[in-house]
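Colleague: Could you look at this predicted model? Sequence included:
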Amino acid sequence: MTYRPTVRGRRLARELRRMRDGQGLTLQDVADRLGWSRATVSRLETGQTRPRHGDVADILDLYGVPSPERDAYINLAREAGQRGWWTAYADVFAGSYVALEDEASQISTWDPQLVHGLLQTEEYARAVITTGRMLPGRAQIERRIAARLTRQALLDREDAPRLHVVFDEAVLYRPIGGKTVMNDQLRSLAEAVRRPRVTIQVLPYDVGEHAGLDGRFTILSYPDPADPDIAYVEGTMGDVYLESVEAIAQHKARFDKITALALPPEESARLLLDAARSGST
């Protein structure tokens, strides 16, 4: 099973790299002293393998890390190695996104074409997955739908993240799944805005050119300052995760420009209701 690093896993990997650099050691130096391969050390430092707390303890001993810092890092390794709900859907989730989303305290997302996956109704999701994924059979489609609905439980948790969604007005009028499915989806969105942690804005047609023309993206933010924000860009040829200060600043500025042009949440909610009512007549 492919390892999908969590936020804690990424934090641990960063700390292992930082400590090795502080010791003035190369990857090969560490590998030689521990009797490991260079690739093993590299995979731990890049979050490509599930960290075993015993291996982390060996590295910490090599670096001379004392307690209580040592105990904290070993505990972090244990937490990073825990399996989340998404591991049951390893055949569906090809990347790390859901593991990173699951620990976020703020999700800010722009989408010019579709309702965000966390807010999709089952039938809307079925239409999107059936046509967009081009899967070979019904079983694979239903499997993905089940995974998406399980993922949506994130918004029902007591510690649910704040979700700020902005989408283009075209999303309201593209009849995904047909008239009935789309009307149900619009009504569901109108109900979602009543959630205290959910903000929905619509970017109107008449805006013209804007900062979101390059396509969809999501910014994930975390409660612990040790965990940097992540910008996620999904594409048909693969997913991109951006963590540099410059890239995050650029995407935050882009999102701010989009939200400034979008309708305020109250007006967006009224537009959603109006679209649902007009579609049902």
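Modeller: On my side now, so go ahead. Just so it is clear, the model here is predicted, and its values are computed rather than measured. Numbers count the residues shown, from 1 in each chain.

Colleague: mind listing what's buried in the helix or strand residue 125 falls within?
Modeller: Secondary structure from DSSP states H and E places residue 125 in helix 122-132. Buried residues in helix 122-132, counting neighbours by 16 or more other CB atoms under 10 Å, are found at 122-130. Using the backbone N, CA and C atoms, a C-beta is placed for each residue, glycine as well.

Colleague: Just the CA coordinates for that helix, please, in CSV.
Modeller: Taking C-alpha atoms only, helix 122-132 is exported to CSV below (Å, rounded to 0.1, in the frame of the first residue of the first chain):
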residue,chain,number,x,y,z
GLU,A,122,-24.6,12.1,-4.1
GLU,A,123,-26.2,12.4,-7.5
TYR,A,124,-24.2,15.4,-8.6
ALA,A,125,-21.0,13.5,-7.6
ARG,A,126,-22.3,10.5,-9.5
ALA,A,127,-22.7,12.5,-12.7
VAL,A,128,-19.3,14.2,-12.3
ILE,A,129,-17.4,10.9,-11.6
THR,A,130,-19.2,8.9,-14.3
THR,A,131,-18.4,11.4,-17.0
GLY,A,132,-15.3,13.1,-15.8
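
Colleague: helices or strands next to it in the packing?
Modeller: helix 138-151, helix 179-192 (3 or more CB pairs under 8 Å, 6 or more residues apart in numbering; DSSP states H and E).

Colleague: need the helices for the protein, in chain order.
Modeller: 7-23, 27-34, 38-45, 53-63, 69-80, 97-102, 122-132, 138-151, 170-173, 179-192, 245-261, 265-279 (DSSP state H).

Colleague: Present those as a markdown table; the columns should include distance to residue 205 and mean pLDDT.
Modeller: Shown next, in a markdown table, are the helices of the chain (distance: least, CB to CB, whole Å; pLDDT from 0 to 100):
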| stretch | distance to residue 205 | mean pLDDT |
| --- | --- | --- |
| helix 7-23 | 37 | 91 |
| helix 27-34 | 53 | 95 |
| helix 38-45 | 48 | 94 |
| helix 53-63 | 53 | 94 |
| helix 69-80 | 45 | 89 |
| helix 97-102 | 30 | 92 |
| helix 122-132 | 21 | 92 |
| helix 138-151 | 28 | 93 |
| helix 170-173 | 7 | 94 |
| helix 179-192 | 16 | 93 |
| helix 245-261 | 12 | 96 |
| helix 265-279 | 11 | 88 |
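
Colleague: Could you check how far residue 275 is from residue 151?
Modeller: Distance from residue 275 to residue 151, counting by CB to CB, to the nearest Å: 25 Å.

Colleague: can you check residue 173 too?
Modeller: 26 Å.

Colleague: Which of the two has more residues huddled nearby?
Modeller: residue 151 (21 against 13; other CB atoms under 10 Å).

Colleague: hang on, that one packs against residue 118?
Modeller: Yes - judged on CB atoms under 8 Å, residue 151 makes contact with residue 118 at a distance of 6.9 Å.

Colleague: For stretch 254-267, measure first residue to last.
Modeller: With CA to CA, to the nearest Å as the measure, stretch 254-267 spans 22 Å from end to end.
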